[in-house]
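Enquirer: Fold the following, please.
(one chain, ligands or ions: 1)
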Amino acid sequence: MERLLVLVRHGQSEWNLKNLFTGWKDPDLTAQGVAEAQSAGRQLKDMKLTFDLAYTSALSRAQKTLALILEELGQQDLETIRDQALNERDYGDITGMNKDEAREKFGEEQVHIWRRSYDVPPPGGESLKMTAERVLPYYRAEILPQVLAGKRTIVAAHGNSLRSLIMELEKLTPDEILKRELGTGTPVIYHLDEDGNVTSKEDLAD
Ligand SMILES: O=C(O)[C@@H](CO)OP(=O)(O)O
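Expert: Next up is the predicted model:
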């Protein structure tokens, strides 16, 4: 039985373009972000992939990315489940701040710790560890059983919610996942065995 799981980060958002900490804010895709999502859809179509089920977050940049991909695949009506468990990591008090201005104000090292340490949250926000603590229970309870039942599944979400999922799938250490950057609109394709272990991975960024 095929157990297919495709993860894709949303295309470029208005706040990615403006270099702002985004988190749970809900900016739209840019024109480039739309093009990235369409291109992801075309790549999946070229690979002759189709899906039985889709998951996305409660944020429009991920929902629109998914909708654009499904449109390319001719699967606009695919059953889609939206849940805030898949939202981006909450950036707390620094949400909306320019990342370069934050470096000037708080120092390069502090900002790097907030962005890429495993368990130090930005003030009032979530660390990657805290993000994983809501993403992974949702994955294990809702998404994985569907994949294991043979439903070919696509998840369109966010840099840090997907990094916490990739950490689990690829059995990465905190150090390894911190170095992993996900491109906007770039699908990663996994095949799983009956226990949910990854048997093959294809990163369309490579
Ligand atoms: O601003 C954000 O919400 C995220 C994703 O764009 O940024 P970072 O790269 O700092 O995790």
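
Enquirer: ranges for the strands of this structure?
Expert: 4-9, 53-56, 80-82, 153-157, 187-192, 198-203 (DSSP state E).

Enquirer: ok, D195 - how many residues close by?
Expert: Per other CB atoms under 10 Å, the neighbour tally for D195 reads 7. To be clear about C-beta, it is placed using only N, CA and C from the backbone, and glycine gets the same treatment.

Enquirer: What score does it have for pLDDT?
Expert: With respect to pLDDT, D195 scores 97.

Enquirer: what helices or strands is the lengthiest helix in the chain leaning on?
Expert: Longest helix of the chain, by residue count under DSSP state H: helix 31-46. Packing partners of helix 31-46 (3 or more CB pairs under 8 Å, 6 or more residues apart in numbering; DSSP states H and E): helix 60-72, strand 187-192.

Enquirer: now check the longest one, is it near the ligand?
Expert: No - contact check for helix 60-72 against the ligand, using CB under 6 Å from any ligand atom: none in range, with a minimum separation of 9.5 Å.

Enquirer: can you give me the angle that helix makes with strand 187-192?
Expert: Angle between the axes of helix 60-72 and strand 187-192 is 80 degrees (criterion: axes from the mean of the first three to the mean of the last three CA atoms, to 10 degrees).

Enquirer: What residues sit buried inside helix 60-72?
Expert: 60-70, 72 (16 or more other CB atoms under 10 Å).

Enquirer: what does stretch 161-180 give?
Expert: 161-169, 177-178.

Enquirer: same deal with stretch 77-84?
Expert: In stretch 77-84, counting by 16+ other CB under 10 Å, buried: 78, 80, 82-83.

Enquirer: Give me the mean pLDDT for it.
Expert: 98.

Enquirer: Keeping just the C-alphas, turn it into CSV.
Expert: What follows is stretch 77-84, C-alpha atoms only, in CSV (Å, rounded to 0.1, in the frame of the first residue of the first chain):
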residue,chain,number,x,y,z
ASP,A,77,-12.7,20.0,-4.5
LEU,A,78,-10.3,17.8,-2.4
GLU,A,79,-11.4,17.3,1.2
THR,A,80,-9.3,19.8,3.2
ILE,A,81,-9.0,20.0,6.9
ARG,A,82,-7.9,23.3,8.5
ASP,A,83,-6.5,23.4,12.0
GLN,A,84,-4.6,26.0,14.0
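
Enquirer: how far is that stretch from where the chain is centred?
Expert: 15 Å (CA atoms, centre = their mean, to the nearest Å).

Enquirer: What about the residue of the chain found nearest the ligand, how many residues nearby?
Expert: Proximity of the chain to the ligand (CB to the nearest ligand atom) peaks at T22, 3.5 Å away. Other residues within reach of T22, judged by other CB under 10 Å, total 23.

Enquirer: hang on, isn't it packed against H10?
Expert: No - T22 is not in contact with H10 according to CB atoms under 8 Å; the separation is 10.1 Å.

Enquirer: about what we covered before: between which two of the buried residues of helix 60-72 is the distance greatest?
Expert: S60 and E72 (18.4 Å; CB to CB).
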